[in-house]
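Engineer: Quick one: sequence plus predicted model below, questions after.
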Amino acid sequence: MPLARGGPSTDLYACGCILTALLQGGPPFVGLPAVELMAMRMFSIPPPLRRPPGAPPVPPLLERLRLDLLAKLPEKRPESAAAARSRLDEAMSREAEARRLPARKADAPHGDRAERAQAWPDGRPGSPRTG
């Protein structure tokens with residue numbers, strides 16, 4: 001892996017670190033010797049957020065932005081600070097979240113199970129009994 005050069009993608013990674021610190025009260029990787037921390041920053045996916053007790057949940061689009069900002073490959077990060085800002089604005093908008101995230105399957109009506117069940121041929125082991 002070639003050495004990373006400073007630039008916009010490095011700044012975006014730093015924004016991901018700052019966002020993580022704001023959301024959990026500390027950096028993405030903690031509690032290790034400096035060499036291990038550097039290796040974690042370079043090669044490990046960010047751990048899940050450790051939210052303070054009683055803190056509200058993080059909007060899904062904000063968590064997706066955080067993980068994209070912390071992407072190991074610079075080309076996987078947002079293409080610019082303006083794009084990251086736009087995604088941040090969208091992540092903080094309930095209307096945008098409703099548009100971008102699909103409805104949960106649990107929210108969809110299920111109907112009658114018998115309507116969805118596969119019809120089994122008569123006589124097959126385990127087929128529903130008729131009559």
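Structural biologist: Yep, that arrived.

Engineer: Check whether the residue positioned nearest the centre of the chain sits in a helix, strand or coil.
Structural biologist: Closest to where the C-alpha atoms of the chain average out (Cα atoms, centre = their mean) is Arg64, at 3.8 Å. Under DSSP: H, G, I helix; E, B strand; the rest coil, Arg64 falls in the helix class.

Engineer: That one - nearest residue in space that isn't next to it in sequence?
Structural biologist: Sequence neighbours aside, Ala91 is the residue nearest to Arg64 in space, at 7.6 Å (criterion: Cβ to Cβ, 6 or more residues apart in numbering). No exception for glycine: its C-beta is placed from N, CA and C like everyone else's.

Engineer: Relative to Leu69, how far out is that neighbour?
Structural biologist: For Ala91, the distance to Leu69 equals 11 Å [Cβ to Cβ, to the nearest Å].

Engineer: Next: Leu62.
Structural biologist: Distance from Leu62 to Leu69, by Cβ to Cβ: 11 Å.

Engineer: Same check on Glu75?
Structural biologist: On the measure of Cβ to Cβ, Glu75 and Leu69 end up 13 Å apart.

Engineer: Next: Pro59.
Structural biologist: 15 Å.

Engineer: Which residue of these two possesses the greater neighbour count?
Structural biologist: Leu69 (25 against 17; other Cβ atoms under 10 Å).
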